[in-house]
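Compute the structure for the input listed below.
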Amino acid sequence: MKDYEKLLPAEAAFWETKNNPGDAKTTWVPVDIQELSATGESKLARESDSSIFASGSKGSSDYLVLARSSLTNITGIMVEALPDDRLPNWVRAATTTAISY
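You can find the predicted model right below:
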């Protein structure tokens, strides 16, 4: 395994020469969030900019975000992490932003 790990930087650099994310033809579309919930003591709140702020317990939690879209043939979702001053040490808050088709 250690021998393989030594190869990773070179393999990643090679992959990046063949796969430029800027060349992707993906179209991202915001979703219409219908429902938010979290397990344990965690809470999810929708912000005015449509981001989702997670707060509460530092323990593990499961998050459920239900959203609607009129799109078909969805091939992926994007969850974006954003810095937030309300969190200690700029811990990242998550926001579900879009789906890909």
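
okay, CA-based contacts and neighbour counts for the rest of this
Fine.

Checking my notes, residue 33 in a helix, right?
No: counting by DSSP: H, G, I helix; E, B strand; the rest coil, residue 33 is not part of a helix but strand.

what residues are up against it?
Shown in contact with residue 33 (CA atoms under 8 Å, 6 or more residues apart in numbering): 65, 66, 67, 68.

do residue 44 as well
With CA under 8 Å, 6+ apart as the criterion, the residues that contact residue 44 are 36, 37, 38, 52, 53, 54, 55.

What distance do you get for the third one to residue 27?
For residue 38, the distance to residue 27 equals 29 Å [CA to CA, to the nearest Å].

neighbour count winner among the two?
Using other CA atoms under 10 Å, the more surrounded residue of residue 38 and residue 27 is residue 38, with 16 against 9.

Now that one. Its backbone dihedrals?
For residue 38, the backbone dihedrals (degrees, to the nearest 10) come out as phi -140, psi 150.

now do residue 40
phi 70, psi -140.

That one and residue 61 touch, don't they?
Yes: A contact is recorded between residue 40 and residue 61 when judged using CA atoms under 8 Å, the distance being 6.1 Å.

List buried residues within the contacts of residue 33.
The neighbour-count test (16 or more other CA atoms under 10 Å) marks none of those as buried.

Which of the residues you listed sits closest to residue 46?
Closest approach to residue 46 among the contacts of residue 33 (CA to CA): residue 65, at 10.6 Å.

Relative to residue 51, how far out is the closest one?
As for residue 65, its distance to residue 51 is 12 Å (criterion: CA to CA).

Would you mind giving the secondary structure of residue 60?
Under the three-state scheme (three-state DSSP), the conformation of residue 60 reads as coil.

and the residue nearest to it when sequence neighbours are not counted, how many residues sit next to it?
Ranked by CA to CA, 6 or more residues apart in numbering and with sequence neighbours excluded, the top spatial neighbour of residue 60 is residue 40, at 8.0 Å. Neighbouring residues of residue 40 were enumerated by other CA under 10 Å; the total is 13.
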